[in-house]
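Trainee: 3D, please:
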Amino acid sequence: MTTGEYGVQIKQTLFDGFQTRNNVAAAESQVRASVESLGDTEENILFKAAQAYMDVVRDRQVSVPTHQNARFLTEQARAARYASRSAKSRVLSLRPTLCAPLPWSNWPPPVSRSW
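Mentor: A predicted model of the protein is given here:
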């Protein structure tokens, strides 16, 4: 026959100075803070998306008059180039007449006085 010893030892804290309760409350507060932070992030993302959409709407409305102005200025530049070419051709065609005496070169006429 053999002899032996068997035993069970249990250790349980009866009072930990409210440490467990405070740790659970701290963990719950962290969860609530994380949920609020997530809601704040969601609001910021939605606001930025709405702001980007409104920027696109505004830029489209601005681009129409800008495009019209660009077309107008392009037409003005084309007309100015045409006028410049026309003026050059008119000057070239007037060169022979520039050498002739002008009809008003003897203006005013001489005054004759007879008293």
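Trainee: okay, CA-based contacts and neighbour counts for the rest of this
Mentor: OK.
Trainee: Figure out the helix or strand that residue 16 lives in.
Mentor: Here residue 16, judged by DSSP states H and E, is contained in no helix and no strand.
Trainee: I misspoke; the intended subject was residue 57.
Mentor: helix 19-99.
Trainee: what mean pLDDT would you report for that helix?
Mentor: For helix 19-99, mean pLDDT is 86.
Trainee: where's it relative to the chain centroid, distance-wise?
Mentor: Taking the mean C-alpha point of helix 19-99 and that of its whole chain, the gap between them comes to 4 Å (C-alpha atoms, centre = their mean, to the nearest Å).
Trainee: Over to stretch 3-12?
Mentor: On the basis of C-alpha atoms, centre = their mean, stretch 3-12 sits 77 Å off its chain's mean C-alpha point.
Trainee: give the contact list for residue 86.
Mentor: Taking C-alpha atoms under 8 Å, 6 or more residues apart in numbering as the contact definition, residue 86 lies against nothing.
Trainee: confidence score at residue 16?
Mentor: According to the per-residue confidence, residue 16 scores 87 in pLDDT.
Trainee: Okay, it and residue 22: tell me how far apart.
Mentor: 10 Å (C-alpha to C-alpha, to the nearest Å).
Trainee: Neighbour count for those two, which is higher?
Mentor: Using other C-alpha atoms under 10 Å as the criterion, residue 16 and residue 22 rank with residue 22 on top: 11 against 8.
Trainee: How much space separates the most centrally placed residue in the chain from residue 70?
Mentor: Most central in the chain under C-alpha atoms, centre = their mean is residue 55, positioned 7.1 Å from the mean C-alpha point. Distance, residue 55 to residue 70, using C-alpha to C-alpha: 22 Å.
Trainee: Repeat that for residue 3.
Mentor: For residue 3 relative to residue 70 (C-alpha to C-alpha), the value is 107 Å.
Trainee: Thanks a lot, catch you later.
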